[in-house]
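# What follows is a predicted structure for the sequence shown.
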Amino acid sequence: EFRTLVENGVRNTTYSTHCTSDEIREFLSKKQPSGCVASLPTRVVIVPGNGGGSIWESNWYGWLARELQRCGVDVVMKDMPDPVVARETNWLPFIVEHLAGGETELAKTIVVGHSSGAAAAMRLAERFVLGGIVLVAAYTSDLGDENERRSGYFNRPWQWE
């Protein structure tokens with residue numbers, strides 16, 4: 001099922017190269033089916049791509065966080081440790097403990113991962129049940145790049161099942 005979501009993500013979901021603040025608010029305001037409230041995710045964590053710098057000032061991360069917060073969503077994002085290589089051994093524990101709030105909170109957490117952050121999110125989903133996962137510019141190989149190879153995400157097969 002996870003493999004299908006990654007390989008055919010555009011088939012049964014909303015796919016867009018951009019979205020407006022109004023589209024985010026509309027999506028978040030849609031009513032959930034009755035009986036689902038207890039299982040709804042309660043937090044969104046944003047995991048950036050590698051490269052360093054302030055996450056709040058990089059790419060679209062700060063914009064998305066502010067828009068979600070304006071809609072009442074609890075958003076957590078912090079500058080990542082080891083920001084250039086983005087080693088799995090550093091990033092996954094940091095995501096679990098410092099962004100999600102511990103293993104018990106992961107099932108109530110939506111992880112938005114971009115680039116290296118998407119690779120981290122996919123590896124996290126192999127090990128834990130997440131409240132949701134949004135992959136932006138995801139990839140499943142090191143792309144022939146030494147730095148990506150050093151991150152550790154691509155040194156073994158993906159566990160899609």
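Perfect, thanks for sending it. Residues are numbered from 1 along each chain as shown.
# Assumed Phe94 was part of a helix.
Yes. Assessed by DSSP: H, G, I helix; E, B strand; the rest coil, Phe94 belongs to a helix.
# Export only the CA atoms of stretch 128-135, formatted as CSV.
What follows is stretch 128-135, C-alpha atoms only, in CSV (Å, rounded to 0.1, in the frame of the first residue of the first chain):
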residue,chain,number,x,y,z
PHE,A,128,6.3,3.9,12.6
VAL,A,129,2.6,4.5,12.0
LEU,A,130,2.2,8.2,11.0
GLY,A,131,-0.9,10.3,11.1
GLY,A,132,-0.1,11.2,7.5
ILE,A,133,2.7,11.9,5.1
VAL,A,134,3.1,14.6,2.4
LEU,A,135,6.1,14.1,0.1
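# Please work out which residues outside that stretch touch it.
6, 9, 40-43, 96, 103, 106-113, 118, 121-122, 124-125 (CB atoms under 8 Å, 6 or more residues apart in numbering). (Glycine included, C-beta is placed from N, CA and C.)
# One more pass at 7 Å, please.
41, 103, 106-113, 118, 121, 124-125 (CB atoms under 7 Å, 6 or more residues apart in numbering).
# out of those, which are inside strands?
Members of the contacts of stretch 128-135 lying in strands (criterion: DSSP state E): 109-113.
# Buried only: go through those residues for me.
109-113 (16 or more other CB atoms under 10 Å).
# Can you tell me which of the residues you listed is nearest Glu57?
Glu57 has its nearest neighbour among those in Val112, at 17.0 Å by CB to CB.
# list the contacts for the closest one?
Counted by CB under 7 Å, 6+ apart, Val112 has contacts 44, 46-47, 134, 136.
# who's it bridged to?
According to DSSP bridges, the residues that bridge with Val112 are Ile46, Val134.
# How about Ile110, nearest residue that isn't a chain neighbour?
Gly132 (3.8 Å; CB to CB, 6 or more residues apart in numbering).
# longest helix anywhere in this protein?
Looking across the chain with DSSP state H, the single longest helix is helix 116-127.
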